[in-house]
Each structure stands twice: as C-alpha cells, then as structure tokens.
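In: After the sequence you'll find the predicted model.
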Amino acid sequence: MRTKLLLAGATMAFTGLYLAAGALTPLLVLYQHRRDFPPVLLTVAFAVYALGFLAAALTLGSLSDHVGRRPVLLGGLLLQLTSNLIFLYGDSAGWIVAGRVVQGLAGGTATAAFTAVLVELAPAHRRRLGPVLGSVGLTGGLAAGSLLAGLGIQVTPRADTIVFVLLSVLTVVGGAVVLALPETAGRRPGALRSMIPDLTIPPAARAEFRAAAPVVGAVWMLAGLSGGLAPSMVQTVFHRDSGLLDGVAGFIAPAVSVAAGLALAGVRPRTAMTTGIRAAIAGALGIAAGAYAGSLSLMFLGQAVAGVGFGAAFTAALALVVPLAGDERRAGVVAAIYVVAYLGLGVPVVAAGALTGVVGVVPAVGCYSAVVVLLSLTGLVARQRRGHPITVER
C-alpha cells in the first residue's frame, strides 16, 4: 500500500510540473492582448521553453543515474517554483520570456528523473505502468493547466495571479512528496562526466529508438501546434474572442491523449504505436482542413484525433525503448527521447511563426501538417523494415 501511495504521489508531483506549462497556453494570448505585447511573443515564449528544456535535458538528464533521483527532482521543483514567482511578479515581455526559460529548465531537469522513478516504483508485474503514468502525467498536466487557466480568464480579471499562487503551493507540496520517496538509484561515479551532453543510446535500445524517433517528433509537433498556434488561431483565423476557447484549444489534444494512453495501456506497444501513427496522420489532416475551411469545430476534431495519436504513440515509444536500457542508463535514454520530443515541439513552431509572416496563418498550418504526415509515414516505414507489420500484431 505504501508503494502505491508513493507512486501516486510521484505522479501528482510530476503532473504539477506540467500544469504550469499548460496554463501558459491561454495566458500568453491574454498577455499579448491585455499588455499589448507583440504577436511574436507567443512563438518566442514557446521556443525558449523548448530551448530551456533541451539545455537542461542534455546536461542534467542523466545526472540522477549518478547522484540519485531525489536531489535532481528537488532541483527541478525549485526551478519550477522560481518560474512561478517570475510569472507572478513579472510584468513585462522580458520577464515572461525569462519565466518560460526557467520553466523549461525545470522540466528538462526533472522529467527524465521523474519518469525513471515512476518506472522503478511500478510493481514488478506491471512494469508498463511507469511509462503510462509518465505519459499521462505530462499530457494530463498540460491539458488541465490550459483548461483551468482558460476558465479563470473567462471568470476573473486576476486569473494569472490565482493560477500562479496555486501552482506555487502545489510545487511546494510536490517537494514534500519527493522528500518522502525512497531513493531508487544509488550513487555511482561519473556525475560530472554525465553533464557533458551524450545522446548515445545503449545497443540494446538503438533499433527501437531509431524507429520511434520520427514518430515522437511528429506527435510532439502536433502538441506544439495545439499549445503554440491553436489558441491564437481561435482569434486570428476563427475570429472568436474567448479566453475559455483559447484554453479549450490547448486542452483538447492533451486531454484526449490521456484517455488514449489509459485506454491502450493493455494493448501491445507495437500495436499502440501503429494506432498512434495513423491517428497522428488523420489528426494533422483534420487540423489543416479546419483551418482551410474556417471551421473551429473541425479543427477541434482534428486536435482530438491528434490527441489519440500522441497518447498512443508516445506512451508506446516509452514502453518500447525505456525498458531496454539498463538501470544505470535509464534516465539518459529517457532524456534522449525527450530531446527528440522537444525539438519537435519547439523548432517547427518557430518556423511556422516565421512562415506565417510570409504566406499567412492558414498556409503555414498546412505546411506544418504536411511535415507531421511525412514524419509519421517515415515511422510506419521504419517499423515495417524492422519486421513489424503496420497492421495488427499477432
């Protein structure tokens, strides 16, 4: 029973890390309009979050394999608390960008260690539970944060203050949970060396990692579309001035991905991966069709299907790759997966933002969706070449 409570507590603390990231989805649109920030703030804030995450993941992603999980988790939560306070008291575009950088550093520091802890605390007969909780905690946090912040914007002019006070309290509670966790990774030499970026994947996991990488990139591109572009599209493309709809635009895909991850928890990872790839393709096409048709409902439907793709494919990628790494390399492999993920999350959104100024929002979304489809098809081919049929496993 104690182990189950600790596993639940670790999942809660991890989810709290991403509640703040999700809350910024509608709040950034609010800041842009109420404080007269330039429109480019949206893509810049999204990009610097990914850059902060990558910087921390590349240097600190494997650190918990050497110094233990708890010190790294506490460091990540301290950074998270710092970012909450920056958002609470900062009142300029520069402070917003700085807060997003620190927020990304917090995620990059703690995500690999949290995922490793969830794997290690999961019962021996349910090892897949750890990767499922990792994926669900991340996407569930993003979804809940976006929806709750959007609802707050709709009902109170002080939504940002309320949100970040509550998130600060939750972060402190998460720190208390981490202190109660047993240390699941012993100390071993090489801590400083582990901070030198090294994305080497252990031989046993390389084939699965290579096959999963393009799919991970594709589904996180869809996450970037939902979190970085869709909320502003509610106003610029569909001409709806609603904080709640901005929040819903950031909520749909991650919320559905949580449901998909849980629904497919008992499905073989390779079958779930195939399902996710197909849903990612359909979702990307649906979002593009909604943008071209001027139909917000169709875009929301495309986001929902894309959420199925994310929940199925990313959970499957973690389940296929992470268990193949030994205990001493597990956090490093998780970090490598998240490097691919956050490259897919941040870089394409910035490119789409730049392209928007040249060709317009809708054509930029069309190009973005085409890249998602291409990466997804590449993932299908990779699985087929490895001898895994692209239909259903037997």
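Out: Cool, got the structure. Numbering: from 1, shown residues only.
In: List the buried residues of the least confident helix or strand in the chain by mean pLDDT.
Out: Lowest on mean pLDDT, DSSP states H and E among the helices and strands of the chain sits helix 191-194, with a mean of 76. Across helix 191-194, burial judged by 16 or more other CB atoms under 10 Å covers Ser194. All C-beta spots, glycine's among them, are computed from the backbone N, C-alpha and C.
In: Ok, stretch 312-328 next?
Out: 312-325.
In: Which elements pack onto the strand or helix carrying Thr315?
Out: Using DSSP states H and E, the element containing Thr315 is helix 296-321. In terms of contacts (3 or more CB pairs under 8 Å, 6 or more residues apart in numbering; DSSP states H and E), helix 296-321 is packed against helix 129-155, helix 203-224, helix 230-236, helix 243-263, helix 269-293, helix 330-359.
In: quick one, the fourth one and helix 269-293 angle?
Out: It refers to helix 243-263. Counting by axes from the mean of the first three to the mean of the last three CA atoms, to 10 degrees, helix 243-263 lies at 160 degrees to helix 269-293.
In: could you check the angle helix 129-155 makes with helix 243-263?
Out: Using the same axes, to 10 degrees: helix 243-263 against helix 129-155 is 160 degrees.
In: Give me the distance from helix 243-263 to the chain's centre.
Out: 12 Å (CA atoms, centre = their mean, to the nearest Å).
In: For it, give the mean pLDDT please.
Out: Average pLDDT, helix 243-263: 88.
In: Only the buried residues of that helix, if you could.
Out: 243-262.
In: Remind me what that helix packs against, helices and strands.
Out: Packed next to helix 243-263, using 3+ CB pairs under 8 Å, 6+ apart, are helix 2-34, helix 129-155, helix 203-224, helix 230-236, helix 269-293, helix 296-321.
In: buried stuff in the helix or strand following the first one?
Out: Stepping forward along the backbone from helix 2-34, the first helix or strand reached (DSSP H and E) is helix 40-60. Within helix 40-60, the residues scored as buried using 16+ other CB under 10 Å are 41-60.
In: Stretch 115-131 too?
Out: Buried positions in stretch 115-131, judged by neighbour count with 16+ other CB under 10 Å: Thr115, Ala116, Val117, Leu118, Val119, Glu120, Leu121, Ala122, Arg128, Leu129, Gly130, Pro131.
In: contacting residues around the fifth one?
Out: What that stands for is Val119. Val119 makes contacts with Arg127, Gly130, Pro131, Gly134, Val322, Pro323, Arg330, as judged by CB atoms under 8 Å, 6 or more residues apart in numbering.
In: any idea how far the last one lies from Leu324?
Out: Spelled out, that is Arg330. 10 Å (CB to CB, to the nearest Å).
In: what about the chain, any weak spots by pLDDT?
Out: 1, 3, 39, 124-128, 198-199, 327-328, 331, 386-394 (pLDDT under 70).
In: Of all the helices and strands packed on helix 243-263, which one is nearest Ala382?
Out: helix 203-224 (4.2 Å; CB to CB).
In: Now do the closest one: which elements does it pack against?
Out: By 3+ CB pairs under 8 Å, 6+ apart, helix 203-224 packs against helix 243-263, helix 269-293, helix 296-321, helix 330-359, helix 361-385.
In: Pro214 - how many residues pack around it?
Out: Neighbour count for Pro214, taken as other CB atoms under 10 Å: 21.
In: Surely it touches Ala382?
Out: Yes - applying CB atoms under 8 Å, one finds Pro214 in contact with Ala382, separated by 6.6 Å.
In: Enumerate every residue touching Gly290.
Out: Leu296, Ser297, Leu298, Met299, Phe300, Leu301, Gly302.
In: Among these, name the buried ones.
Out: For these, buried by 16+ other CB under 10 Å: Leu296, Leu298, Met299, Phe300, Leu301, Gly302.
In: Looking at those, which is nearest Leu343?
Out: Nearest to Leu343 among the buried ones among the contacts of Gly290, with distances taken as CB to CB, is Gly302, at 22.7 Å.
In: The closest one and Ile281 touch, don't they?
Out: No - assessed by CB under 8 Å, Gly302 is found out of contact with Ile281, at 10.9 Å.
In: could you say which helix or strand contains Val119?
Out: Here Val119 is assigned to helix 93-121, by DSSP H and E.
In: residues of that helix that come out buried?
Out: 93, 96-121.
In: and if you look at stretch 204-219?
Out: Ala205, Glu208, Phe209, Ala211, Ala212, Ala213, Pro214, Val215, Val216, Gly217, Ala218, Val219.
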